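**Student:** Have a look; sequence and predicted model below, questions after that.
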Amino acid sequence: MAFYDGLIDSLGLRDWCDKDATDGPMSMAQLLAQASGENDADAAPTPLLETPFPSLDVLHEACPAISQTRDMTTGVENAFLAIKDPLKVVLDPLTQPLSWALDGSLAFFEAVPWFIIIPALLVLTYYACRSLSITAFVAVSFLFLAFIDHYDYAIQTLSIIFVCTIISVLLGVPIGILMARHDTYQKINIPILDMLQTLPTFVYLIPLIFLFSVTESKLYGIAIILYAIVPVIRLTDLGIRLVDQDVIEAADAYGMTDRQKLWGVQIPLALPNIMAGVNQTIMMSLAMVVIASLVSAPGLGVLVLRGIRNLELGVGLVSGFGIVLLAVVLDRTTKAALSRINASTKA
């Protein structure tokens, strides 16, 4: 790194760099250079077009006083570990009801026999969408999953989605309403929602593994909720903001209070957008359930993970098809329910 060595020397920083130099562990490049008998004095100058970007590691080679990238990552890790215990004391009692809800839902769905669960799901589907074709599709899908011995896994996945979706909606809709009614609150939340929506799914699990035991169901529950709550928040905010201002002015003319306008005008007119957010939340919950199988989440994701670990192609493909089938069932049902809501709103 002759270029940066010369730059350090020209700026008069060599004494400062050498003063704080330590005999820490050498990089792989330094070890290879030492093994081959090379040193910085004998090294050929780096061509200008091949000058590396002045990253922390590159500058550290020219000036040992500059920290390396691993020093930054170590600092982040130490900072998280320093607040882990106080954070866990606060989060444990707050999140324990989530564990009870997930465990209770799983126990309930597993305890009720299939000849009660499947008809109940069909009745619920028909009540939501009033479509015989979609109800028949749901029946065929669950009977197929039961026929190939994937019914228990599918029900486990469904129970997790059931709990996480309800909690996401109960938390997301009020947050979306607050964002729609307060511009400052929206500006604060938008960057947070952007981060949650773009953060890779595996990254959600990293801090949670340090905070909670892998055997605790709230570990994967929190990851699923954080990942899936974004659409319902965004679309609730959007739906309320898209309510026609003429309707709001008419409500004001009738002397309606803010609460009356919210429940009697804004939420009913924004319901199609809110239901679209619920649909996306369900889909994202299902996607995250598969990833959460890495941290002991039950369901079809366990079979996918087994197929990957044991190189069992058939197990992975069939269970993957089961997840797709479950996703199509949930998507078609919620979209049919959304169409009914849209039709009733227009009427």
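**Tutor:** Received it, and whenever you're ready, just let me know what you need.
**Student:** Quick one: residues contacting Ser296.
**Tutor:** If you count contacts by CB atoms under 8 Å, 6 or more residues apart in numbering, Ser296 has them with Val214, Thr215, Ser217, Leu219, Tyr220. (Glycine included, C-beta is placed from N, CA and C.)
**Student:** again, only using 6 Å
**Tutor:** Under the criterion of CB atoms under 6 Å, 6 or more residues apart in numbering, the contact partners of Ser296 comprise Val214.
**Student:** Provide the backbone phi and psi angles at it.
**Tutor:** phi 80, psi 20 (degrees, to the nearest 10).
**Student:** Tell me the buried residues in stretch 86-103?
**Tutor:** Along stretch 86-103, the positions that meet the burial threshold by neighbour count (16 or more other CB atoms under 10 Å) are Thr95, Leu98, Ser99, Ala101, Leu102, Asp103.
**Student:** wait, stretch 51-70
**Tutor:** Applying a neighbour-count criterion of 16+ other CB under 10 Å, one finds Val58, Leu59, His60, Glu61, Ala62, Cys63, Pro64, Ile66, Gln68 buried in stretch 51-70.
**Student:** now stretch 127-140
**Tutor:** Neighbour-count burial for stretch 127-140, with 16+ other CB under 10 Å as criterion, is recorded at Ala128, Cys129, Ser131, Ile134, Thr135, Phe137, Val138, Ala139.
**Student:** Need these in JSON lines (columns: pLDDT).
**Tutor:** Putting the buried residues of stretch 127-140 into JSON lines (pLDDT from 0 to 100) gives the following:
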{"residue": "Ala128", "pLDDT": "85"}
{"residue": "Cys129", "pLDDT": "85"}
{"residue": "Ser131", "pLDDT": "86"}
{"residue": "Ile134", "pLDDT": "91"}
{"residue": "Thr135", "pLDDT": "93"}
{"residue": "Phe137", "pLDDT": "94"}
{"residue": "Val138", "pLDDT": "93"}
{"residue": "Ala139", "pLDDT": "94"}
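**Student:** Nearest to Leu317, out of those residues: which one, please.
**Tutor:** Minimum separation from Leu317 among the buried residues of stretch 127-140 (CB to CB) is found for Phe137, which lies at 21.4 Å.
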